[in-house]
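>>> sequence plus the predicted model coming up.
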Amino acid sequence: MKSNASSIPEPHPGEILLAEFIEPAGVTPYRVAKDAGISQPTMNQLVNGKRSISTETALRLATYFGTSPELWINLQNQFDLRKADSELLPRIQSEVKPLALATN
């Protein structure tokens, strides 16, 4: 993956949850948390981009919204990878000596 500092920041999965699922459904984060069995502090941190979607939360959100747990896990993995790409990759590239494979 190539780093591009000028690219538009990737939205946090919690922002997507709020904008694409909670608000269009006409419910509140509190209602989703209560009905899905997610603690209110966890939901609050999630929609504010301060917490990652765990496997259990992915299962709960998938069950609640009728989606797949993979949707939530993939959103989180993509976010984490893009964040690592921009924050960690330059340092890693300077520290790691790539394997030089012989070409015949």
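Received the coordinates, thanks. Residues are numbered from 1 along each chain as shown.

>>> distance of the residue most central in space within the chain from Ser94?
Closest to where the C-alpha atoms of the chain average out (CA atoms, centre = their mean) is Gln76, at 2.2 Å. Using CB to CB, to the nearest Å, Gln76 is found at 27 Å from Ser94. From N, CA and C alone the C-beta is placed, and that goes for glycine too.

>>> run the chain-centre distance for the worst-scoring helix or strand of the chain on mean pLDDT.
Least confident element among the helices and strands of the chain, by mean pLDDT, DSSP states H and E: helix 89-95 (a mean of 92). Relative to its chain's centre, helix 89-95 lies at 23 Å (CA atoms, centre = their mean, to the nearest Å).

>>> identify the residues contacting Glu70.
Ala58 (CB atoms under 8 Å, 6 or more residues apart in numbering).

>>> run through who's touching stretch 44-64.
12-15, 17-18, 21-22, 29, 32, 35-38, 42, 67-73, 75-76, 80.

>>> make a PyMOL selection of the buried ones in those.
Of these, the buried ones can be selected in PyMOL as follows, counting by 16 or more other CB atoms under 10 Å:
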select buried, resi 12+13+14+15+17+18+21+22+29+32+36+38+42+69+71+72+73+75+76
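
>>> pLDDT score for Ser3?
pLDDT, Ser3: 45.

>>> revised request: answer the last question for Pro9.
pLDDT at Pro9 comes out at 73.
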